[in-house]
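J.: Here is my input; please provide its structure:
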Amino acid sequence: MTAVLFTCAGQRVDIVSAFRRAGATTIATDVNQLAPALYHADRGAPVPRVDDPAYVDALRDLVALHDVRLIVPLTDLDHLVLAEARDRLRGAVVLVPEPETIRRCSDKYLAHEFFDAEGIGSPRTWLPEELPADLPYPVLVKARRGFGSRHIYRAANRLELDFFLDYTTADSMVQAQCHGEEFSIDVLCDLDARCLAAIPRTMIESKGGESIKGMTTRDDELIAFGCRVAEALRIIGPANVQCFREPDGKLHVTDVNPRFGGGFPLPTAAGSGYPELALQLANGERPEPRLGDFREGVGMTRFFSVVILEESEGTLEPVREQAEAVPEDA
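T.: Predicted coordinates:
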């Protein structure tokens with residue numbers, strides 16, 4: 001069985017569980033002992049903070065202890081650390097792109113400039129000190145390095161724009177608001193940045209930047225667009241491409257997160273086989289692209305669940321009989 005180390009595991013029980021079902025031995029790490037994913041993995045391990053100099057050493061020790069073949073980060077927090085420490089992690093395959101790609105994806109203005117240069121559709125975007133006189137209101141004030149839909153404000157006119165630029169505490173940019181239908185495309189690329197799969201889904205409802213309702217759609221244009229974006233950026237491993245199809249039919253990419261997206265359960269249920277493909281990459285195989293190999297019309301609606309823990313001899317252990325899942329609004 002291939003051992004997989006998940007970093008910053010947090011609440012991503014869905015991903016850890018999917019890899020277990022695919023036959024992996026799962027080791028989940030987090031700085032917080034209450035992270036639910038720790039208790040759904042075969043092994044859970046506390047580690048220092050990502051910005052602690054001992055963080056990489058702790059991961060390296062776990063790689064050696066469990067003969068880890070694959071490292072998969074589950075949030076954006078340690079991508080750059082892992083990419084720069086790739087050679088220190090005892091030969092484990094680290095499923096993140098190179099540092100240049102990570103820096104580009106983490107800064108939305110740099111990403112916009114890249115897409116513009118590559119001829120890939122992107123909403124018109126300006127730095128606050130470079131605003132033209134004829135801004136196409138409404139516009140969005142967006143954090144250049146934001147996540148989870150934080151620090152995003154909609155301005156209907158110049159008065160509101162000036163207010164939000166003064167109000168926000170984040171290094172921001174100004175972007176034309178898209179008016180079409182929003183989609184997410186979950187892609188997976190091999191270690192040579194070759195796109196193996198791309199699964200589009202509708203964004204019926206999201207909260208805090210994370211999809212909670214959606215449906216897979218077989219749209220050849222979106223599949224090709226997801227592949228083009230991923231390969232232009234040289235994505236390694238998973239990424240989530242967020243885009244709009246505008247009223248004129250053009251596709252504009254608004255964000256790319258080089259990790260498994262929040263809507264991971266949906267492409268998984270639709271037959272993505274992403275955990276299996278990732279395990280093949282970890283074992284030195286070169287799987288062929290499987291574009292379009294998924295079920296369309298598969299829907300997802302999400303709710304909160306719980307892990308009940310009890311203290312035992314100084315550690316927290318999951319209670320065998322778990323409580324029933326509770327509604328999101330509970």
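
J.: can you map out the helices along the chain?
T.: Along the chain, counting by DSSP state H, helices occupy 13-21, 55-66, 79-84, 99-106, 108-118, 158-167, 220-233, 265-269, 274-282.

J.: In CSV: these, plus mean pLDDT.
T.: Listed next are those as CSV, based on pLDDT from 0 to 100:
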stretch, mean pLDDT
helix 13-21, 97
helix 55-66, 98
helix 79-84, 98
helix 99-106, 97
helix 108-118, 97
helix 158-167, 97
helix 220-233, 98
helix 265-269, 96
helix 274-282, 98
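
J.: so where's the stretch 151-300 of the chain shaky on pLDDT?
T.: 208-209 (pLDDT under 70).

J.: ranges for the strands of it?
T.: Secondary structure of the stretch 151-300 of the chain, counting by DSSP state E, counting those that start in this stretch: strands at 152-155, 172-176, 181-189, 195-202, 205-207, 210-215, 237-245, 251-257, 299-301.

J.: what's the angle from the second one to helix 108-118?
T.: Counting by axes from the mean of the first three to the mean of the last three C-alpha atoms, to 10 degrees, strand 172-176 lies at 50 degrees to helix 108-118.

J.: What lies in contact with strand 172-176?
T.: Strand 172-176 is contacted by residues 108-109, 112, 123-128, 131, 135-136, 139-144, 151, 161, 165, 254 when judged by C-beta atoms under 8 Å, 6 or more residues apart in numbering. Just so you know, the C-beta spots here come from the backbone N, C-alpha and C atoms, and that holds for glycine as well.

J.: Put together JSON lines for the helices of the chain, with distance to Q175 on each row.
T.: Formatted as JSON lines, the helices of the chain follow (distance: least, C-beta to C-beta, whole Å):
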{"stretch": "helix 13-21", "distance to Q175": "30"}
{"stretch": "helix 55-66", "distance to Q175": "33"}
{"stretch": "helix 79-84", "distance to Q175": "23"}
{"stretch": "helix 99-106", "distance to Q175": "16"}
{"stretch": "helix 108-118", "distance to Q175": "8"}
{"stretch": "helix 158-167", "distance to Q175": "11"}
{"stretch": "helix 220-233", "distance to Q175": "17"}
{"stretch": "helix 265-269", "distance to Q175": "27"}
{"stretch": "helix 274-282", "distance to Q175": "30"}
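
J.: most tightly surrounded among the ones you listed?
T.: Of the helices of the chain, the one with the most neighbours on average (mean count of other C-beta atoms under 10 Å) is helix 265-269, at a mean of 23.
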